[in-house]
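Peer 1: Coordinates only, no sequence provided:
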């Protein structure tokens, strides 16, 4: 692989490297100063047509500013949200301190498993940790047409911290509203009028950059004719090189404006030697070029010499590195050359694009190779390249890019059945169920017309996979059973794109992601999972990733349903697979589920032993988030055992705090932290975290997380004595729980949850109407089933409140009683609990009511009788 690529083959180093600023350029200090003033706000927009020096002025500002700068040169391929934000992350990671940069790169690796919304929240959080002022520069933003990118960038700008500034260069105005930033004076706009060269700058250009000796009058004439357009000034400077007498040539220039740029370009090209003209036309198809690229495209061997000649003649060739290896043409010049080739030399245009495609494919730049194949109208070759490259793009999750390619193919050629299946799969993944159905219908017609044999059986196998995805995406499980009834035992997996796709790169449990249906459980999902796995194993695909993930997902589901033996059997089955430790997305969920099974079976020592072993293995991986999940699980299990110091120690390693704004990429860790805060009597801090996480869980439609958040909220609010809020939160969890048969989520919340369920059931049974108790959507049978699943000791302890009390005391009320026993006044209690005296009086009154007393003395006597003073220590 050549030096133009980073270690990861999809990341082009030149895109995140600022262009080299030539030493003899005219320094435009007035604009540099304007940009420097603008970085105090959120956004600077440099907006003007092509050829006004937008990129040049940004590179000049980079040379002078004290700001840390992150650069991204955009092109048409970046019209893909995943690709766009990966490159933004790469640029930021290059600029920021190593620790922050590494975290941002690891975050970008989680795309597309993370939604763009969650990714942006997490990225903004990371940028809050960057202390130094940093500017992100996006060059040529006008090439971006994808609405989702515009929406994401607008959100990003609005929420970036004060020390981060965004600079955008574009030929157009921004395609999203900027009024709010204008009103707050947080945007600086540099437009065409400001970018125009002044007369002194024009004089400096001809004297210092162009190296031409012209009188002030002649320069003024050129300045007024070009209207300060730098590309026009440069074109004239090139034309003047072939003129013996400047004055007549300049005197004959009348009525010029930038709309006649093509005429000037043509004049420049026409005066060049024929071999230079040919070289320019051929190499103009490339976005970036070096000597090897030039040789392969022109079928010559003098690429180095030709590039040197173009530099010497100042022919709009811009260096992309400090080593004079990689270049690009000025965008306006490249556009002129390409249009000229298409109009005047169509055969040359097609042949050079085909050569470019072959050259780029040879160098591993497959995205660009495929685009050039389309430009050459070589659709069979494009499909061949796409079939070689598609698994990489699928792993990257760049679905808009794939859809663009497939749309081009289907417009101009007939897809092979296998490629049609992949197209249908992408349509399913991107939520286009109707289009996917039409595509699958066409494949089925091809399937029925095929002769019996291996090819037909392989197509049937792919059909089963893609149609299964479509049915699952729409929840139409009955259709799946109907479709597979006659063929399930016959199909033979053959395509690793479908059956060895890594379905989990981010989540601590498979059931939390899309493959695990984000927590949906039903008899249908169990039956389908078992059937699918059995057939895969029957045909020798027991170690395929899809089968391993199916088994892990089933094991997690059985644990949630409290079918511990079945869960254990599947976990052991996976543990014997040699590949397990090589795939953290399987290994970590397997170990977390196994730890919970051990704990549920009364084997806490084994729970911690298996987590410690897993941590030692995962610590050797570069991606630290897998270790974080194991530590969070450790903390949760220690809390269930009542070992608060051990839980605190495990959580401290994660270095997250209650003061942060939690984001959904770390929701597993923050949920563990909220449990720990509750155990430390810091319920309000925990509730704050949960309130911030809850809308994110709803946005991601994660059933598991919504239930978890509601359960923790209910327990915390119960501890605070907020009974009605606790029951409401519990109700939210029960509605989802009953629909999916959840059990362990409630049992693993411990004794407080058992008590709450009793109170919920009691309140429900005493309800006279739907209006007085709106929780009737949850059945008594389900609640009784949950209560019966709790360990017998907890059921005995929590069945009903003590008969000597009207209503049992909350933990806060126990604390209040202890302070009264110590002789503290209401004022002293208020100071210790950080409450107002009025609030303390309310709490004391509620305590008296529960004890059925009317004074402090009576309360203490009653507390002694009921042995309450030694409870809740």
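Peer 2: All right, it came through fine. Since the model is a prediction, treat every value here as computed from it, not as a measurement. Numbers count the residues shown, from 1 in each chain.

Peer 1: Neighbours of residue 499, how many?
Peer 2: Residues contacting residue 499 under the criterion other CB atoms under 10 Å number 17. For every residue, glycine as well, the C-beta is placed using N, CA and C.

Peer 1: Would you mind confirming that it makes contact with residue 543?
Peer 2: No - contact between residue 499 and residue 543 fails when scored by CB atoms under 8 Å: they sit 10.3 Å apart.

Peer 1: tell me, what's touching these two both at once?
Peer 2: Residues within reach of residue 499 and of residue 543 at once, by CB atoms under 8 Å, 6 or more residues apart in numbering: there are none.

Peer 1: The closest residue to residue 113 other than its chain neighbours in helix, strand or coil?
Peer 2: Excluding the flanking residues, the one nearest residue 113 by CB to CB, 6 or more residues apart in numbering is residue 506, at 4.1 Å. Reduced to three states with DSSP: H, G, I helix; E, B strand; the rest coil, the structure at residue 506 is coil.

Peer 1: Next: residue 578.
Peer 2: Under the three-state scheme (three-state DSSP), residue 578 adopts coil.

Peer 1: Counting neighbours, what do you get for it?
Peer 2: Here the count is done by other CB under 10 Å, and residue 578 has 7 residues near it.

Peer 1: Contact partners for residue 146?
Peer 2: For residue 146, the residues meeting the contact criterion (CB under 8 Å, 6+ apart) are 79, 80, 81, 84, 400.

Peer 1: how close does the third one sit to residue 232?
Peer 2: Read it as residue 81. 37 Å (CB to CB, to the nearest Å).

Peer 1: who wins for most neighbours among the contacts of residue 146?
Peer 2: Neighbours were tallied for each of the contacts of residue 146 (criterion: other CB under 10 Å), and the maximum of 26 neighbours falls on residue 80.

Peer 1: Thought residue 400 was touching that residue, still the case?
Peer 2: Yes - counting by CB under 8 Å, residue 400 is a contact partner of residue 80 at 4.4 Å.

Peer 1: Check the gap between residue 560 and residue 129 for me.
Peer 2: Taking CB to CB as the criterion, residue 560 is separated from residue 129 by 35 Å.

Peer 1: quick one: which of those two has more around it?
Peer 2: The neighbour comparison of residue 560 against residue 129 (other CB under 10 Å) goes to residue 560, with 25 against 13.

Peer 1: check contacts around that one.
Peer 2: Residue 560 makes contact with 511, 521, 741, 742, 743, 744, 745, according to CB under 8 Å, 6+ apart.

Peer 1: Find the nearest non-adjacent residue to residue 416, please.
Peer 2: residue 383 (7.2 Å).

Peer 1: Check the secondary structure at residue 189 for me.
Peer 2: Each residue gets one of three states, and residue 189 gets strand by three-state DSSP.

Peer 1: Could you check the pLDDT of it?
Peer 2: As predicted, residue 189 sits at a pLDDT of 95.

Peer 1: again, but for residue 336
Peer 2: Each residue has a pLDDT score; the one for residue 336 is 87.

Peer 1: and if you look at residue 495?
Peer 2: Taken from the predicted model, the pLDDT recorded for residue 495 is 64.

Peer 1: ditto for residue 4
Peer 2: For residue 4, the pLDDT comes out at 35.

Peer 1: got the residue ranges for the helices in the stretch 151-300 of the chain?
Peer 2: Defined through DSSP state H, counting those that start in this stretch, the helices belonging to the stretch 151-300 of the chain, from first to last, are 179-183, 192-195, 199-204, 216-226, 230-240, 246-251, 261-270, 274-283, 291-298.

Peer 1: Relative to residue 606, tell me which of these wins on proximity.
Peer 2: The stretch from the helices of the stretch 151-300 of the chain with the least distance to residue 606 (CB to CB) is helix 179-183; that distance is 55.9 Å.

Peer 1: which secondary structure elements does the closest one contact?
Peer 2: Based on contacts counted as 3 or more CB pairs under 8 Å, 6 or more residues apart in numbering; DSSP states H and E, there is no element that helix 179-183 packs against.

Peer 1: Could you list the buried residues of it?
Peer 2: Within helix 179-183, the residues scored as buried using 16 or more other CB atoms under 10 Å are residue 181.

Peer 1: Which residues does that helix contact?
Peer 2: 41, 42, 43, 157, 158, 187.

Peer 1: Same check on stretch 27-47?
Peer 2: Residues from elsewhere that reach stretch 27-47, judged by CB under 8 Å, 6+ apart: 53-54, 57-58, 60-61, 64-65, 67, 133, 135, 157-158, 160, 165-174, 178, 181, 185-192, 194-195, 201.

Peer 1: What helices and strands are in contact with the helix or strand containing residue 864?
Peer 2: Assessed by DSSP states H and E, residue 864 sits inside helix 856-865. Under the contact criterion of 3+ CB pairs under 8 Å, 6+ apart, the helices and strands touching helix 856-865 comprise helix 811-821, helix 837-851.

Peer 1: returning to what we had before: quick one, which of the helices of the stretch 151-300 of the chain gets closest to residue 868.
Peer 2: Proximity to residue 868 (CB to CB) singles out helix 179-183 among these, at 56.0 Å.
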